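Asker: the following comprises the amino acid sequence and a computationally predicted model.
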Amino acid sequence: MAEAWTLHADRALPAEPAQRAVARQIYGEIAALPIVAMHGHVEAADILADEPFGDPAEFFVIPDHYLTRMLLSQGHTAGELGLEGGTADHREVWRLLCANWKVLRGTPSRYWLEHALVEVFGVAQQPSAATADAIYDHLEHRLSLPEYRIRSLFDRFGIEVLSTTDAAESDLAAHTALAAEGWGERVIPTFRPDTVFSLDRPEWAADLEVLAARSGVAITGYDSFLAAIRQRREAFVAAGARASDHSHLSADTTPLDVAEARRLFDAARKAPLSTAEAAAFAATMLFETARMSLDDGLVMQLHPGVVRNHSTPIGDGYGGYDIPVAMEFTRSLRPVLEAFGHDPRFRLILFTVDESVYSRELAPIAGAYPSVRLGAPWWFLDSPGGLARFRELTAETAGFYNTSGFVDDTRAFASIPARHDLARRIDAGYLSKLVVEHRLDLDEAVETAIDLTYRLPLQSYARPTA
Amino acid sequence: MAEAWTLHADRALPAEPAQRAVARQIYGEIAALPIVAMHGHVEAADILADEPFGDPAEFFVIPDHYLTRMLLSQGHTAGELGLEGGTADHREVWRLLCANWKVLRGTPSRYWLEHALVEVFGVAQQPSAATADAIYDHLEHRLSLPEYRIRSLFDRFGIEVLSTTDAAESDLAAHTALAAEGWGERVIPTFRPDTVFSLDRPEWAADLEVLAARSGVAITGYDSFLAAIRQRREAFVAAGARASDHSHLSADTTPLDVAEARRLFDAARKAPLSTAEAAAFAATMLFETARMSLDDGLVMQLHPGVVRNHSTPIGDGYGGYDIPVAMEFTRSLRPVLEAFGHDPRFRLILFTVDESVYSRELAPIAGAYPSVRLGAPWWFLDSPGGLARFRELTAETAGFYNTSGFVDDTRAFASIPARHDLARRIDAGYLSKLVVEHRLDLDEAVETAIDLTYRLPLQSYARPTA
Amino acid sequence: MAEAWTLHADRALPAEPAQRAVARQIYGEIAALPIVAMHGHVEAADILADEPFGDPAEFFVIPDHYLTRMLLSQGHTAGELGLEGGTADHREVWRLLCANWKVLRGTPSRYWLEHALVEVFGVAQQPSAATADAIYDHLEHRLSLPEYRIRSLFDRFGIEVLSTTDAAESDLAAHTALAAEGWGERVIPTFRPDTVFSLDRPEWAADLEVLAARSGVAITGYDSFLAAIRQRREAFVAAGARASDHSHLSADTTPLDVAEARRLFDAARKAPLSTAEAAAFAATMLFETARMSLDDGLVMQLHPGVVRNHSTPIGDGYGGYDIPVAMEFTRSLRPVLEAFGHDPRFRLILFTVDESVYSRELAPIAGAYPSVRLGAPWWFLDSPGGLARFRELTAETAGFYNTSGFVDDTRAFASIPARHDLARRIDAGYLSKLVVEHRLDLDEAVETAIDLTYRLPLQSYARPTA
């Protein structure tokens, strides 16, 4: 591989020449649109600090769950990868990635990394054992430059707005400070109360203390707990939040009656609830979240169906052993949809990592209830095939206009443009098929692509009361 | 869009040129074959009356669940759509559809409507806010002409036989009258006893009275109930019926023992059964239906897995908030297949809206039991992608000859030719792939296409005892 | 069909010309690689005996579950097919297959048979009613020749190593004799203890007697039962085995505590366990199998999710009415993965016939745990579409290098090269898509194809302690 490494302009577009020509035309109209990133995991504090990202291993490898999982799955250890605050030499970590470049074949990680290395960092050699050191040196230098700090890249990437993910008890101080610097429209928080809604966690009682302090509400029982939640939602709205986010194991939204909710809440203050009790309480919280959203206008995002930290001996440190389970939405969402599904003040965006529900449940639900939008393919499904199957399995029943547009869902800042670019290419490819099969006119396809890329994410996450 | 709106001859055929050429050849051999429509929802009374269809909104929009769901999902109200016997001006309803033409992009509704407007009604402009009135006027005129009444269109569409769907307690009067006018071979009833098999319905006891009156059987308990059902099946057979149809939530066919069935029946006469009891009784009815079919030869169709009227505040009026759930067939059908699965007098046609069962359960079952045929993709799956995935996920295990051929399952009469035409195009596309990949000869593909289009539906719905 | 029947060199490769050219190039590099067949059902005794295979019906039709199921599904009877030790004239059985050639359209059986007939047996006419007798005569003659005995074909097919499947209580005599003749490296046993792990079987107590006798361990309870299993595993290892194989209905691996396991074992010696008790015991056996494998290094294969002999009146004789059910792996495997998932001595290869778990559960599990590899598409999924979907639904999350390579899983010896050849073509097709979409370089695709075909099966089934 002696010649310079470049990426093909038509990558991830369909192979058939007529279809590729149409896809290229559609993609050309959307490639340069601003990035609307309504569901991210970058920390506001990092944007505020705007310090150098660190060395290549710290930036590209160690915090990237996709990469560390793949390298662990091939028998490399957490120690070798610099996980668990390990002492591994970071140049060695980088060498390990480059020497294992082949195990990434066919994965979106490979695709995103290529984009970041070539398009963002100007790397001109494909990673391998032989090129690892030269690339490391190149990256280390670039990462030391001011134009590779986060705010410069933010501009260069064309990010119009980026949403962070913040605990209910967060003080939102970084967001406040960013706003004072004029970044309030560009970086907004998202309200994620999962931990305080999980009454089987041993740490729950301590988290509740923080929530009480932060909200200024003395939490003496279920009712004042709800008041504290409402206070935090209002604080988030004041800080620019447009959405809440919920990652329960189940999509159940069946509310307990108030007396039972009060009883469970009181019991949890003495000892963690059983798994079943905690699940019933969490379902109630989803129902109450929907109800609160009618007043404060926060869009409700539901990301269910993942067993977190599947391997308890491994735990969080190794980068999230999330493993999905089969999902059920039809019966689970019925309570909240019967209550609020036709209320113009309610907006629910649904995500899944179980593709069997796309055509069976999610598309029929989004194709009926005005409050529901389908979120983008998420986690394992944020990939060329995953993005394509999402359209194939939802567009015919839900159309394009009941979907929310792409969200990148990442903490890997350098991968943001790669992820949005890939989603644009795959949507262009899907639309090009409709055009060459004479099921859609080209001008309609272009307008649809622009809507999916830019207008729908803004509109879907606009608070419905706004 | 100044030039006349026409539909491309190759629409919905594969893009790749060599494959398209083969698909066009296969499609050319089946495009003009008669329509065999063995599972429809058009009313026999409407065919008998043969009156004008009404205005364009009444004909195209208000009764079409697909369209009204999509428009509701985009925030339009039942009132605006003329639902619930609403007083909306029908020209306004039509304008609403045309102004929202873009939300139909990528859906089969768009495809069917285009076909009906252009091919059947000679519309020459694509719907939009600007063209809505002109198209309305054009359609209103056409709908007033004798050649746009149902019997004329029946001939023009080339419908050889159309099956209606009729309650067990129907008097079949319209069918009798049609037969007297020589239409007995072309319009036949289907026996659908869902309501009288649902013992948790408050209206059940009243329906039972009608059943008793109609059958002439005094229903005093479970045994005379079965006798009344048998009487109605015989009446349906006499009126030309070839099949029964069953839309239970579950596919369970486990029979209760007779004493328990009698007990539940007697209990239901006093008060509606619980959901669980009613489900157990319904499963028994599927088993008994299979047993009865050995004698009277009615083919048994099973359409399970849909929660009807998901939003109870909405209800039927809005056009069917059906939402599917995960299905199980392997264990559910075991009782009926162990008892009758190899009986040459038994024929069971299976439908699903859960695509995960195609390769896992339905194709292996149909590829083993001689009594079982796979029905066509149904409801949300009657779409270009849905039809294609059906073949991809079933043909390799069940082959083509354990499938029943296409059924349109619609009450939208004008969409019937569009739906059959689309299914023919998608099957031609699937077969063309096998040909260009050298897995099937062209002459075999053509014969298979003809079989799928014409011979298999007739043969699958021929009563096996005939 | 007057001209000689030949198979196209590009069969089962993608249609699009540029992609086909790349696929042809990739396939060309792997087409002639040796066959590594690590999961077969050919009998060692038959390889030892090396006698003529019998007539064409005995060789091609009667023992092939795929063919007999398809012919039964079309209404032919077990008697006509020569099943149940039937007395059907074997030429008539062959004629029946040829006359029904069309029902195999679109199935892998058709593909495999074509390959075997043309490439292995030199048949030059496509089967039909008209050609049945001539083909029968041709095949009968070939089958009588020494070069069509199993050991000659073994060489001609280029089989480097073939694994058989053997009960725990097998004496492995045929393997011992083959080793004495120098075939020990080429034909190896696989340890399959399903029957002795199924404590609800009426025959279990009798099988236990055989196990005791064979192992030399007096089985007086649960502990000595485990000792007997360990003894047999060691005997299998000594005979060259590299893997155990387990075909439980569920993937559950939750171990009972020892006292409860002992209690159930003792109870089973008096009367068969209930289904639920037997399932709990079987799950414990999977856990114990994993634990034992740390010591003896046998790779553990799990093939769950099939209801065997779905039609009990039919039974085994008709060729296996296996029907799959929905599967769950995430929670089911958690006990064994928490205990051993990161142990370098443990290797678990997972198979499924429920495709909905590929992207949801299996790829995320294999893409995280170093002990796990994804097995090849199995049973109904060993088909052009099934093989393609496996890559589409797993490669993006698990990559290629967490898969085990192809296994043929067949007792139809003549189909072995056809099955491996088809898998190579489909993998070449999948890789060619990545190349023409500029997601992978051609040299990388070729290396990956070679790894999938040859290196990964050898490496995946190498005992990890070796």
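Answerer: Great, that's in hand. Numbers count the residues shown, from 1 in each chain, chains lettered A, B, ... in the order given.

Asker: what about the most centrally placed residue in chain A, which helix or strand?
Answerer: Central residue of chain A (Cα atoms, centre = their mean): residue A:409, 1.9 Å from the mean position. Counting by DSSP states H and E, no helix or strand carries residue A:409.

Asker: now do the SS call for the nearest residue to residue A:390 once chain neighbours are set aside.
Answerer: Once flanking residues are discounted, residue A:390 sits nearest to residue A:377: 4.5 Å by Cβ to Cβ, 6 or more residues apart in numbering or on different chains. Using the backbone N, CA and C atoms, a C-beta is placed for each residue, glycine as well. When classified by DSSP: H, G, I helix; E, B strand; the rest coil, residue A:377 comes out as coil.

Asker: what about the strands in the stretch 51-200 of chain A?
Answerer: Along the stretch 51-200 of chain A, counting by DSSP state E, counting those that start in this stretch, strands occupy A:159-163, A:166-167, A:187-188, A:191-192.

Asker: and the residue nearest to the centre of chain A, what pLDDT?
Answerer: For residue A:409, the pLDDT comes out at 90.

Asker: ok, now which ones touch it?
Answerer: By Cβ atoms under 8 Å, 6 or more residues apart in numbering or on different chains, the contact list for residue A:409 reads A:39-41, A:376, A:378-379, A:382.

Asker: please apply the same query to residue A:82.
Answerer: Residue A:82 makes contact with A:57, A:61-62, A:88, A:90, A:93, according to Cβ under 8 Å, 6+ apart.

Asker: can you list the buried residues in stretch A:332-347?
Answerer: By neighbour count on 16 or more other Cβ atoms under 10 Å in any protein chain shown, the buried set for stretch A:332-347 is A:332-337, A:339-342, A:346-347.

Asker: restrict those to contacts with chain B.
Answerer: Filtering the buried residues of stretch A:332-347 for proximity to chain B (criterion: Cβ under 8 Å from any Cβ of the partner chain) leaves A:334, A:337, A:341-342.

Asker: okay, the residues you listed in JSON lines with pLDDT next?
Answerer: Output for these, formatted as JSON lines (pLDDT from 0 to 100):
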{"residue": "A:334", "pLDDT": "97"}
{"residue": "A:337", "pLDDT": "96"}
{"residue": "A:341", "pLDDT": "94"}
{"residue": "A:342", "pLDDT": "92"}
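
Asker: least confident of the contacts of residue A:82?
Answerer: Scanning these for pLDDT, the low point is residue A:88. It has 84.

Asker: which ones are touching residue A:326?
Answerer: A:305, A:354, A:356, B:326, C:326, C:328, C:356, C:360.

Asker: does residue A:195 touch residue A:167 like I think?
Answerer: Yes: counting by Cβ atoms under 8 Å, residue A:195 touches residue A:167, with 6.3 Å between them.

Asker: filter the contacts of residue A:326 to the buried ones?
Answerer: By neighbour count, with 16+ other Cβ under 10 Å, the contacts of residue A:326 hold A:305, A:354, A:356, B:326, C:326, C:328, C:356, C:360 as buried.

Asker: show me the residues you listed that map onto helices.
Answerer: Using DSSP state H, the members of those that fall in helices are A:356, C:356.

Asker: quick check, nearest of the buried ones among the contacts of residue A:326 to residue A:228?
Answerer: residue A:305 (27.9 Å; Cβ to Cβ).

Asker: where are the low-confidence patches of chain A?
Answerer: Counting by pLDDT under 70, chain A has low-confidence residues at A:1-2, A:85, A:313-320, A:463-466.

Asker: show me the domain layout of it.
Answerer: Using automatic domain parsing, the domain ranges for chain A come out as A:53-145, A:150-460.

Asker: which one of those is the most hemmed in?
Answerer: domain A:150-460 (a mean of 21; mean count of other Cβ atoms under 10 Å in any protein chain shown).

Asker: how near is the nearest residue to residue A:427 once chain neighbours are set aside to residue A:36?
Answerer: Sequence neighbours aside, residue A:452 is the residue nearest to residue A:427 in space, at 5.4 Å (criterion: Cβ to Cβ, 6+ apart). Counting by Cβ to Cβ, to the nearest Å, the gap from residue A:452 to residue A:36 is 11 Å.

Asker: and the closest residue to residue A:55 other than its chain neighbours, what does it touch?
Answerer: With sequence-adjacent residues excluded and distances taken as Cβ to Cβ, 6+ apart, residue A:55 is closest to residue A:90, at 5.0 Å. Contacts of residue A:90 were listed using Cβ under 8 Å, 6+ apart, and they are A:55-58, A:82.

Asker: let's have the domains of chain A in JSON lines, adding distance to residue B:366.
Answerer: Converted to JSON lines, those look like this (distance: least, Cβ to Cβ, whole Å):
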{"stretch": "domain A:53-145", "distance to residue B:366": "33"}
{"stretch": "domain A:150-460", "distance to residue B:366": "20"}
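
Asker: of all the ones you listed, which one comes closest to residue B:46?
Answerer: domain A:150-460 (26.6 Å).

Asker: ends of that closest one, what's the gap?
Answerer: End-to-end distance of domain A:150-460: 26 Å, with Cα to Cα, to the nearest Å as the criterion.

Asker: repeat that for stretch A:293-310.
Answerer: OK, stretch A:293-310 end separation, Cα to Cα: 32 Å.

Asker: all helices of the stretch 151-300 of chain A, in order?
Answerer: A:173-180, A:204-215, A:222-238, A:258-270, A:275-296 (DSSP state H, counting those that start in this stretch).

Asker: partners of the closest residue to residue A:236 other than its chain neighbours in the sheet?
Answerer: Distances taken as Cβ to Cβ, 6+ apart place residue A:191 nearest to residue A:236, at 4.4 Å, with adjacent residues excluded. In this entry, residue A:191 is beta-bridged to residue A:166, residue A:244, by DSSP bridges.

Asker: doesn't residue A:299 make contact with residue A:191?
Answerer: No: in this structure, residue A:191 is not within contact of residue A:299 by Cβ under 8 Å, at 10.1 Å.

Asker: between these two, what contacts are shared?
Answerer: A:243-244.

Asker: quick revisit: need the contacts of residue A:409 in CSV (columns: distance to chain B).
Answerer: Shown next, in CSV, are these (distance: Cβ to the nearest Cβ, whole Å):
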residue, distance to chain B
A:39, 22
A:40, 27
A:41, 30
A:376, 16
A:378, 19
A:379, 19
A:382, 21
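
Asker: hang on, the earlier thing: now for the contacts of residue A:326: which two are most distant?
Answerer: Across the contacts of residue A:326, no pair lies farther apart than A:305 and C:326, at 15.2 Å, counting by Cβ to Cβ.

Asker: mind listing what the residue nearest to residue A:236 touches?
Answerer: Applying Cβ under 8 Å, 6+ apart, the residues contacting residue A:191 are A:166, A:168, A:232-233, A:236, A:241, A:243-245, A:298.
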